[in-house]
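*Asks:* Quick one: sequence plus predicted model below, questions after.
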Amino acid sequence: MEPIQTTKSPSRLVKWSLILGIVIVLNMFFNYAISLVYKEPQYPMSQPQVVQEIQTQEDCLNIGGQWNANTYVSPDEKIQSKGYCDPDYSKRMQYDAAHKIYQRNVFVILMLLGIVSLVLGVFIVQDVLGAALAWGGVLSLLIASMRYWSEADNLVKVLLLAAALGALIWTAVRKFGK
């Protein structure tokens, strides 16, 4: 008589380890692929070899700076005025505007990738892969929200949350509603 061969199924710990690994690597893949294809704006770091103090409002504005008038009362009770220049003002404003657009676009990409992963995970029959893709999608939604939440306007937040919630409800109804 031949011995009966049984196939040993992987333990729950092995399954959850694999799921967790896929979730982490999936989101690392999303973020690094985005950074490879869509470059983040860099702050212009050109510093002249000799930095001279800017004394006048006109000189400050000519280099794209912001003049800050600073008035104070001297010990002899006369109003004194000595302003200062923020020479990087225009560069910083341009960078901030470009960075805000970049963060918005990355947010949208990560949200879409997260929703697609979540939907795929729900419809894949294989337990481990389905769970990993679904949880990977949820993590992508979380990462996208954390990256952009402080930049988004309230209306944008509500619309994006409504879209994500709608996709989740639709997926749940299609998969589990009978």
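*Replies:* Thanks, I have it. Residues are numbered from 1 along each chain as shown.
*Asks:* Could you measure from residue 70 over to residue 151?
*Replies:* 31 Å (Cβ to Cβ, to the nearest Å). To be clear about C-beta, it is placed using only N, CA and C from the backbone, and glycine gets the same treatment.
*Asks:* quick one: which of those two has more around it?
*Replies:* Of the pair residue 70 and residue 151, residue 151 is the one with more neighbours under other Cβ atoms under 10 Å, namely 14 against 10.
*Asks:* Three-state assignment for the more buried one, please.
*Replies:* Put simply, residue 151 is coil when judged by DSSP: H, G, I helix; E, B strand; the rest coil.
*Asks:* Grab the longest helix from this structure for me.
*Replies:* helix 89-123 (DSSP state H).
*Asks:* What are the boundaries of the helices in the chain?
*Replies:* Counting by DSSP H, the chain has helices at residues 12-37, 57-62, 89-123, 127-148, 154-176.
*Asks:* Flag every buried residue along the shortest one.
*Replies:* By neighbour count on 16 or more other Cβ atoms under 10 Å, the buried set for helix 57-62 is residue 60.
*Asks:* start at 30 instead
*Replies:* Taking 30 as the first residue, the last one we looked at is helix 86-91.
*Asks:* Could you give the separation of that helix from the chain centroid?
*Replies:* Counting by Cα atoms, centre = their mean, to the nearest Å, helix 86-91 is centred 36 Å from the centre of its parent chain.
*Asks:* Contacts for it, please.
*Replies:* Helix 86-91 is contacted by residues 83, 95, 96, 98, 112, 114, 115, 116 when judged by Cβ atoms under 8 Å, 6 or more residues apart in numbering.
*Asks:* How much space separates residue 199 from residue 193?
*Replies:* Counting by Cβ to Cβ, the gap from residue 199 to residue 193 is 11 Å.
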